[in-house]
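**Q** coords please:
(2 chains)
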Amino acid sequence: MSVDNIISAAVSRAVKELYGVDTAAETIVPQATRKEFEGNLTVMVFPWVKAARKAPEAVGAEIGEWLVKNEPAVARYNVVKGFLNIVIEPRFWNGVLSSIAETPRYGFKEATAESPLVMVEYSSPNTNKPLHLGHVRNNLLGYSLAEILKACGNRVVKTNIVNDRGIHICKSMLAWQKWGNGATPESLGVKGDHLIGDYYVAFDKHYRAELQQLQEQGMSKEEAEAASPLMAEARDMLRRWEAGDPEVRALWQMMNSWVYDGFDQTYKRMGVDFDKIYYESQTYLEGKDKVLEGLDKGIMYRKDDGSVWADLTADGLDHKLLLRSDGTSVYMTQDIGTAKMRFADYPIDKMIYVVGNEQNYHFQVLSLLLDKLGFSWGKDLVHFSYGMVELPSGKMKSREGTVVDADDLMESMVADARRVSDEMGKIQGMNDAEKDAVAEIVGLGALKYFLLKVDPRKNMMFNPEESIDFNGNTGPFIQYAYARMRSVLRRAAEAGHTVGDYQQVEPNEREIALIQRLTDFPSVVSEAGRTYSPALVANYAYSLVKEYNQFYHDCPILREENPAVLSLRLALTDVTSRTVASAMSLLGIKVPERM
RNA sequence: GCCCCGAUAGUUCAACGGAUAGAAUAGAAGUUUCCUAAACUUUAGAUAGGAGUUCGAUUCUCCUUCGGGGUACCA
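**A** Numbers count the residues shown, from 1 in each chain, chains lettered A, B, ... in the order given. Got it, this is the predicted structure:
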C-alpha cells in the first residue's frame, strides 16, 4: 500500500469519525507538499468545511490531530489556510523504499489472457515519399503509447497501415517512367524511399508547369486542372492498377519494394516496430464492398456521374465522397475496409488510431460511417489526435522543400552527440564502435525526448536552425544522470559495498524527497495510459532525475562511513536508476552505462 | 461562410478548480583537493483582452482579438 493510499484511507476514516461524512478514500488525493511548507503530503480540507461547520483552519487541525493519534505513519502536521500538511514519520520511508526495491518491474502491471486487447495503429506512411519530422512524432508517440498501454496491463497489438496504392503512388510511378531513365536505388546509391520521393516531387513540378501553361492559354485554374494531360495519365494509371494491369502492377511492386527497404532502415534506427502490417492494396476492396453494400441499404447514394456519397448532414457533418465517379476508392473507403479486416483478425476491445489532428474530421466521419454500416465498435474508436510539428517558417511542405527529413535528422542528432561526447572526453577509453553506440543512444535520446515531452495534443515548434539541446530538460540530461548512477553502482561493487540493512537509519530530507518521488511512478504510468500521454512519463523522468541530482550533490554515497547510511544511499541509487530506465523505456529511449 | 483546436517569462515547454503560476534555455552571479560539472546553487522575468460561475479560475461558460487546422473526385 502506498503512502498516498494510507493517508487517503486514514483521512477518510477521520472525517467519518469526526463529522460523520462518508468520503471514499479514492476521492481524496493527497498532493506533494510545496517546498516552502513543512510536510510531505498535503490534503485539502475544503470538502468537509460545510459538514464540520467550522473554519478550514479548525477542520485541518482536527483532522491533523486525529491522524497523529490514529495513524502511525503520521509524525506531525501543520495547517495553512485550508491545506493540511502532513509530515510522515521519517523511518516509515525506509520500508517504502525497500518495498519498491523488492517489486519486480516496479510501476508496471502485467497483462493476462483476459486483459483488454488494444490495437494501436501508427506510422501509416504513404509509399510516395520518405518519412519526415511529422512522421517521426507520429512513430514515437505510437510506439510509446503502445509501451505505456502494455505497462498498464493491456495486451497490445501494434499495427501499421501502409498507404501503398492510390493516385499519389501513380504520380511517382508515372514520373519515374517518364523521366527516370531506369534509375534504381542501387544505380543511384540512394535509399529507395528517397528515390521515389524525388519522382513525386518531379511529377508535381511538371504538373504545375502544365497548369500554368494551360492557364496562360486562357483556361481557369479549375479548367486547367480538369484538362491536364499529366493528371489524366495518372488517373488512367490508377484505373489500370485497380484493373490489375500486369505492367502497372509490376512497376508498382518494384517501386514499392524500394520504398519498403528504405522505410525498414528508418524504422530500425528509430527503434519502432509493428506486430502486424496492413496494406491498403489488400484492404481497399473490402471497403469498396462495404460501401456498395451501404448503397444497397440506402445508407449511401449515387450521383448522376456515378460517384457514391454519404449524406451526413443529419449528424451535423457534410456530404462525404466514398467512391469516385470512375469507381476508384478514396481514403475513407480504404479505412472502412482496413477496420473490417482488423476486427476479423483480432478480438479487439479497443482501437486507437495515432493520426494527426488535421484528420479530426476524417475520424469523426469514419466513426459515424462504421456505426451506420453496422460495426458495433465504430462509435468507440479512439482517434489519438496529435498536434503538428511546426517550423519557424510555418507548416512543412514537401513542395516548398521545407520538410525536415527523418533520416537526415537522426543522422545529424547522432553526429552532434558524437561531437559533444568527444569534446567532453569522458569516454576516451572506448573504441570507435563503442563511442558510436553511445552517440546513437544519446543523439536519438535527445530527439525522442524533445518530441515526446510535449503534450501530444498540442502543436509544437521545431527550429532546424537551432539544434536540439543536450542540456536542461532533455533526454541526454536524464541519460547522463543514469550513467552517473550506474558509475556509482559499478564503483560500489568494485569496492565490495553491498546493500545491507538500512531500516534503522532516519533518512534526511533529500533522501525522503527522492523516495517520495519514486512512489509517484506507478500512478504516473497509469495516468499516462488513461490520458494517452507519454509526456507525463517524460516529465516524470525529468523530475525524478532532477531530484536525484540534488541528492547526489548533497549526499556522499561511496565516501559515506556509516554502513547503514551507505546502504540506504546505494539502495536509492539502484532503485532510482532502474526507475529511470523503466520510464525511458516507455518512451522508447535507451539509457547508456557510460557517457 | 461554417466547423474544430490553440494563445502562459525574450524563446521552447509545465501546472486533477487550490497555497506566492513551475522548468529549461538565453541574461547576471557563484560551486570542482570530493562518487562523471552533459551537474549543482543564487538571481531577474509570463497567464492575449473583457464579462460570468466559485470560498477560490491558467484551468469551467460566454464574447472579442490573434494564430492554426478542416470543410477536395489529395492521402
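**Q** What's the first helix or strand after the host helix or strand of residue A:262?
**A** Assigned by DSSP states H and E, residue A:262 belongs to helix A:246-270. Per DSSP H and E, the first helix or strand lying C-terminal to helix A:246-270 is strand A:276-279.
**Q** Can you name the residues in contact with the helix or strand just after that next one?
**A** Using DSSP H and E, the helix or strand that follows strand A:276-279 towards the C-terminus is helix A:280-297. Contact with helix A:280-297 is made by A:161-166, A:300-302, A:308, A:310, A:322-323, A:329, A:332-338, A:340-341, A:369, A:372-373, as judged by C-beta atoms under 8 Å, 6 or more residues apart in numbering. For every residue, glycine as well, the C-beta is placed using N, CA and C.
**Q** In three-state terms, label residue A:351 for me.
**A** strand (DSSP: H, G, I helix; E, B strand; the rest coil).
**Q** And the pLDDT for it?
**A** Confidence at residue A:351, expressed as pLDDT, is 93.
**Q** can you pull out the strands in chain A?
**A** Here chain A has its strands, by DSSP state E, at A:31-32, A:41-44, A:74-80, A:83-88, A:117-121, A:155-162, A:276-279, A:300-302, A:308-311, A:319-323, A:350-356, A:382-386, A:389-390, A:460-461.
**Q** Dump the ones you listed to a markdown table, plus distance to residue A:287 and mean neighbour count.
**A** As requested, the strands of chain A are exported to a markdown table (distance: least, C-beta to C-beta, whole Å; neighbours: other C-beta atoms under 10 Å):
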| stretch | distance to residue A:287 | mean neighbour count |
| --- | --- | --- |
| strand A:31-32 | 49 | 13 |
| strand A:41-44 | 52 | 22 |
| strand A:74-80 | 61 | 18 |
| strand A:83-88 | 57 | 23 |
| strand A:117-121 | 15 | 23 |
| strand A:155-162 | 12 | 22 |
| strand A:276-279 | 12 | 16 |
| strand A:300-302 | 12 | 16 |
| strand A:308-311 | 11 | 19 |
| strand A:319-323 | 8 | 19 |
| strand A:350-356 | 15 | 22 |
| strand A:382-386 | 18 | 20 |
| strand A:389-390 | 30 | 19 |
| strand A:460-461 | 33 | 12 |
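**Q** Can you pull the domain assignment for chain A?
**A** Under the assignment automatic domain parsing, the domains of chain A span A:3-89, A:159-272.
**Q** what sits against the residue lying closest to residue A:417 once chain neighbours are set aside?
**A** Nearest residue to residue A:417, sequence neighbours excluded (C-beta to C-beta, 6 or more residues apart in numbering): residue A:443, at 3.5 Å. Applying C-beta under 8 Å, 6+ apart to residue A:443 gives the contacts A:410, A:413-418.
**Q** Which single residue of the stretch 401-550 of chain A ends up nearest RNA strand B?
**A** Residue of the stretch 401-550 of chain A nearest RNA strand B, by C-beta to the nearest atom of the strand: residue A:472 (2.2 Å).
**Q** Quick check, pLDDT for residue A:299.
**A** As predicted, residue A:299 sits at a pLDDT of 90.
**Q** Could you pull up the residues touching the residue nearest to residue A:473 when sequence neighbours are not counted?
**A** Counting by C-beta to C-beta, 6+ apart, residue A:542 is the residue found nearest to residue A:473 once chain neighbours are left out, at 5.4 Å. Going by C-beta under 8 Å, 6+ apart, residue A:542 touches A:453, A:473, A:477-478.
**Q** could you check the distance from residue A:542 over to residue A:100?
**A** 19 Å (C-beta to C-beta, to the nearest Å).
**Q** Return only those of the contacts of helix A:280-297 found close to RNA strand B.
**A** With C-beta under 7 Å from any atom of the strand as the criterion, the contacts of helix A:280-297 include A:163, A:166, A:334 near RNA strand B.
**Q** Save the contacts of residue A:443 as a markdown table, and put in neighbour count and pLDDT too.
**A** Listed next are these as a markdown table, based on neighbours: other C-beta atoms under 10 Å; pLDDT from 0 to 100:
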| residue | neighbour count | pLDDT |
| --- | --- | --- |
| A:410 | 19 | 96 |
| A:413 | 24 | 95 |
| A:414 | 21 | 96 |
| A:415 | 13 | 95 |
| A:416 | 18 | 94 |
| A:417 | 28 | 95 |
| A:418 | 18 | 95 |
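**Q** any low-confidence regions in the stretch 151-300 of chain A?
**A** Judged against pLDDT under 70, the stretch 151-300 of chain A has no low-scoring part.
**Q** dump the residue contacts of residue A:585.
**A** Residue A:585 touches residue A:147, counting by C-beta under 8 Å, 6+ apart.
**Q** per-residue pLDDT, it?
**A** Confidence score, pLDDT, at residue A:585: 98.
**Q** Relative to residue A:363, which of the strands of chain A is closest?
**A** The closest of the strands of chain A to residue A:363 is strand A:382-386. By C-beta to C-beta, the value is 3.8 Å.
**Q** What's the mean pLDDT across the closest one?
**A** 95.
**Q** Got the phi and psi for residue A:471?
**A** Per-residue torsions, residue A:471: phi -120, psi 160 (degrees, to the nearest 10).
**Q** so who does it touch?
**A** Shown in contact with residue A:471 (C-beta under 8 Å, 6+ apart): residue A:477.
**Q** For the helix or strand of chain A with the lowest mean pLDDT, enumerate the helices and strands it packs against.
**A** Each helix and strand of chain A was given a mean pLDDT (mean pLDDT, DSSP states H and E); the minimum falls on helix A:221-227 at a mean of 82. Where contact means 3 or more C-beta pairs under 8 Å, 6 or more residues apart in numbering; DSSP states H and E, helix A:221-227 is packed against helix A:192-216.
**Q** any idea how far RNA strand B is from the residue nearest the centre of chain A?
**A** For chain A, residue A:141 is the residue whose C-alpha lies nearest the centre (C-alpha atoms, centre = their mean; 2.2 Å). For residue A:141, the distance to RNA strand B equals 12 Å [C-beta to the nearest atom of the strand, to the nearest Å].
**Q** That residue: what's it in contact with?
**A** Residue A:141 touches A:122, A:354, A:384, A:386, A:451-452, A:456, A:534, counting by C-beta under 8 Å, 6+ apart.
**Q** Same check on residue A:562?
**A** Neighbour list for residue A:562: residue A:505 [criterion: C-beta under 8 Å, 6+ apart].
**Q** Please read off the pLDDT at it from the model.
**A** Each residue has a pLDDT score; the one for residue A:562 is 94.
**Q** ok, now residue A:304?
**A** Here, the pLDDT recorded for residue A:304 equals 89.
**Q** among the contacts of residue A:443, which are in helices?
**A** Among those, the members found in helices (DSSP state H) are A:410, A:413-418.
**Q** Pull the most distant pair out of those residues.
**A** A:410 and A:418 (12.6 Å).
**Q** Contact residues of the stretch 1-150 of chain A facing RNA strand B?
**A** Proximity of the stretch 1-150 of chain A to RNA strand B (C-beta under 7 Å from any atom of the strand) is limited to residues A:29, A:31, A:33-34, A:36-37, A:42, A:44, A:46-47, A:80-83, A:85, A:126.
**Q** rewinding a little: distance of the residue nearest to the centre of chain A relative to residue A:233?
**A** Noted for residue A:141: a distance of 38 Å to residue A:233, by C-beta to C-beta.
**Q** Could you do residue A:496 as well?
**A** Counting by C-beta to C-beta, the gap from residue A:496 to residue A:233 is 77 Å.
**Q** Now the terminal residues of stretch A:20-31, how far apart.
**A** End-to-end distance for stretch A:20-31, by C-alpha to C-alpha, to the nearest Å: 24 Å.
**Q** per-residue confidence averaged over it?
**A** The average pLDDT within stretch A:20-31 is 88.
**Q** residues of it that come out buried?
**A** A:23, A:25, A:28, A:30 (16 or more other C-beta atoms under 10 Å).
**Q** Is it possible to get TSV of these that adds distance to residue A:206?
**A** Converted to TSV, the buried residues of stretch A:20-31 look like this (distance: C-beta to C-beta, whole Å):
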residue	distance to residue A:206
A:23	70
A:25	68
A:28	67
A:30	65
